[in-house]
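> what shape does this take:
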Amino acid sequence: MQTESYNQSEWLRSYYFTRAAFSVIWIAAAIAFAGQPGAAAFLLVSYPLWDALANLVDARVNGGLRSNPSQTLNVAVSTVTALAVIIALGVGTHPVLAVFGAWAILSGLLQLYTGVRRWRTQGAQWVMILSGAQSVLAGGFMIGRSLGAATPTILDIVPYAGFGAFYFLLSSVWLAVAVYRRAHS
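Now for the predicted structure:
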């Protein structure tokens, strides 16, 4: 059982680190290609698709989709979001930001649920819970901004991705410290 817990902690540490790395790369690309509509559109669609894939893989590693209903729902929400972004891109940047805002709220609530559920077995999930709450707040901010007069760009989503990267990296480090402490206590 202790080996299983260690393997689970190692998986989560690697998973969180990979999510952080993707977000940092996405941010760099968003900044670099902000003025190029085609590249920005690709990045805007790829972000929720990556989230869907990451949740799918994590759910499968952790007992399957049936055992992880919040992640299963997050896979569906993120996939639908990517499709909604494609549609919104044809309308304008205000709807794109609104779609991202709605997605941030829904995925944040699902992340909160997943973090609370995992806390019982893995501990060290306070960062993911905090991240989920921040995602909900950021989603509300993005929706409010999408209703404003200023024309949104991909750079309006960069802070959201940045906070996500920070929380995933912090979770990875926190889990590594927890594993180290358990091994040396």
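> flag every buried residue along stretch 97-108.
If you call a residue buried by 16 or more other Cβ atoms under 10 Å, then stretch 97-108 has these buried ones: 97-108. Where you see a C-beta, it was placed from the backbone N, CA and C, and this is true even at glycine.
> name the residues that touch it?
Under the criterion Cβ atoms under 8 Å, 6 or more residues apart in numbering, residues 44, 48, 51, 74, 77-78, 81, 84-85, 88, 131-147, 152, 156-157, 160 lie in contact with stretch 97-108.
> next one: the helix or strand of the chain with the lowest mean pLDDT to chain centre, how far?
Using mean pLDDT, DSSP states H and E, helix 2-32 stands out as the lowest-scoring helix or strand of the chain, at a mean of 88. Centroid displacement of helix 2-32 relative to its chain, using Cα atoms, centre = their mean, to the nearest Å, is 10 Å.
> next SSE after that helix?
As assigned by DSSP states H and E, the chain's next helix or strand after helix 2-32 is helix 37-61.
> helix or strand next in line after that following helix, which one?
Moving toward the C-terminus from helix 37-61, the first helix or strand encountered (DSSP H and E) is helix 69-89.
> sorry, back to before: are any of the contacts of stretch 97-108 buried, and which?
By 16+ other Cβ under 10 Å, those give 44, 48, 51, 74, 77-78, 81, 84-85, 88, 131-132, 134-136, 138-139, 141-143, 145-146, 152, 156-157, 160 as buried.
> can you name every helix or strand that the least confident helix or strand of the chain contacts?
Helices and strands touching helix 2-32, by 3 or more Cβ pairs under 8 Å, 6 or more residues apart in numbering; DSSP states H and E, are helix 37-61, helix 93-122, helix 158-183.
> could you identify which of those helices is most buried?
Greatest average neighbour count among the helices and strands packed on helix 2-32 goes to helix 93-122 (a mean of 20), per mean count of other Cβ atoms under 10 Å.
> okay, angle between that helix and helix 69-89 too, please.
170 degrees (axes from the mean of the first three to the mean of the last three Cα atoms, to 10 degrees).
> and the angle from the next helix or strand after helix 93-122 to helix 93-122?
Going down the chain from helix 93-122, the next helix or strand is helix 126-146, by DSSP H and E. Taking the same axes, to 10 degrees, one finds helix 126-146 and helix 93-122 inclined to each other by 170 degrees.
> and helix 126-146, what other elements does it pack with?
So helix 126-146, by 3+ Cβ pairs under 8 Å, 6+ apart, packs with helix 93-122, helix 158-183.
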